[in-house]
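K.L.:
based on what follows, work out the 3D shape:
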Amino acid sequence: MRVFLFLSGFLFAGAALAQNTDCSPKSSDSEVVRYAWALQSLLEKYYSGQPLNQTFLSDATNSSRAEYYQNFQGIQRQTRLGVRAVQQIETKTSTSNPSCNFTFPNATSGEEYVQNALRLEASVASALIGATGYTQSPEVSFLLARLASGHTAAATWLATQQTGIVFPSNSSSLVPAYNPSYVLSSGNKFGKLGQYLNGCVSAPADPCGQVFFIGPLVGSVGNQSSATVGSSSSASISPTARARNLFGN
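P.N.:
Residues are numbered from 1 along each chain as shown. Down below sits the predicted model:
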């Protein structure tokens, strides 16, 4: 009987400890949330900054069947909802929106507009996937994963209008993912958005004080070799090439 009472007390204390575990967003998540807001807002501003109509989009590839105008309206709506979602999480981390002065790739035709949208959607999706390795809270990780899935869907749809093969049979990598430091750098490669963000956010601190390495299949904290375990020799393909393979040129 005493043993039963002891075990009951022990289990009750354990349950109470588990219930008291704080899984709410932490102050350390604030950098990740600000980073996510900048990425999401970049896309929202891109879509809202260009008045669209059927005539403007008529020269885009497959415009006769892609229903670009209607789909871009829906994509813009999803992007705005994503900004609203990030703002809700911001209130839990006492985070304020960064002051961003975005610039955007030039689009003088519907074809350029669609290609720019593909590059931005694919880059933001991969950036948000990479950012999940820097969070401390399930709520923040859940939001990043949900936003990333939406942008991946948009990028994949856009890619199917631009290229015949979106999912190559010889791929050796999962969907591309990029570290914040890579995303915030400038350049013409997929995933590099620094030239559009213009320094409005900083890269979140490394998780557990160690570099987070992203390999073709998994990520690893502080151990680069672990991130590449299980990859074939062809998996050394660059992040840019992996993005092109999945999302087009």
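K.L.:
low-scoring pLDDT stretches of the protein, where are they?
P.N.:
1-21, 226-249 (pLDDT under 70).
K.L.:
quick one, helices of it?
P.N.:
2-20, 30-48, 63-66, 68-93, 110-131, 138-162, 180-183, 194-197, 224-227, 239-247 (DSSP state H).
K.L.:
redo those as JSON lines? Include mean neighbour count and distance to I214.
P.N.:
To be clear about C-beta, it is placed using only N, CA and C from the backbone, and glycine gets the same treatment. JSON lines is the format used below for the helices of the chain (neighbours: other CB atoms under 10 Å; distance: least, CB to CB, whole Å):
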{"stretch": "helix 2-20", "mean neighbour count": "9", "distance to I214": "31"}
{"stretch": "helix 30-48", "mean neighbour count": "23", "distance to I214": "15"}
{"stretch": "helix 63-66", "mean neighbour count": "13", "distance to I214": "32"}
{"stretch": "helix 68-93", "mean neighbour count": "17", "distance to I214": "22"}
{"stretch": "helix 110-131", "mean neighbour count": "24", "distance to I214": "6"}
{"stretch": "helix 138-162", "mean neighbour count": "20", "distance to I214": "13"}
{"stretch": "helix 180-183", "mean neighbour count": "20", "distance to I214": "9"}
{"stretch": "helix 194-197", "mean neighbour count": "17", "distance to I214": "18"}
{"stretch": "helix 224-227", "mean neighbour count": "13", "distance to I214": "6"}
{"stretch": "helix 239-247", "mean neighbour count": "20", "distance to I214": "8"}
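K.L.:
quick one: closest of the ones you listed to T103.
P.N.:
helix 194-197 (5.5 Å; CB to CB).
K.L.:
could I get the helices of the chain as TSV with distance to D206?
P.N.:
Formatted as TSV, the helices of the chain follow (distance: least, CB to CB, whole Å):
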stretch	distance to D206
helix 2-20	28
helix 30-48	11
helix 63-66	41
helix 68-93	18
helix 110-131	12
helix 138-162	16
helix 180-183	9
helix 194-197	19
helix 224-227	13
helix 239-247	18
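K.L.:
I'd guessed E121 sits against A155; true?
P.N.:
Yes. Contact criterion CB atoms under 8 Å: E121 and A155 qualify, at 4.0 Å.
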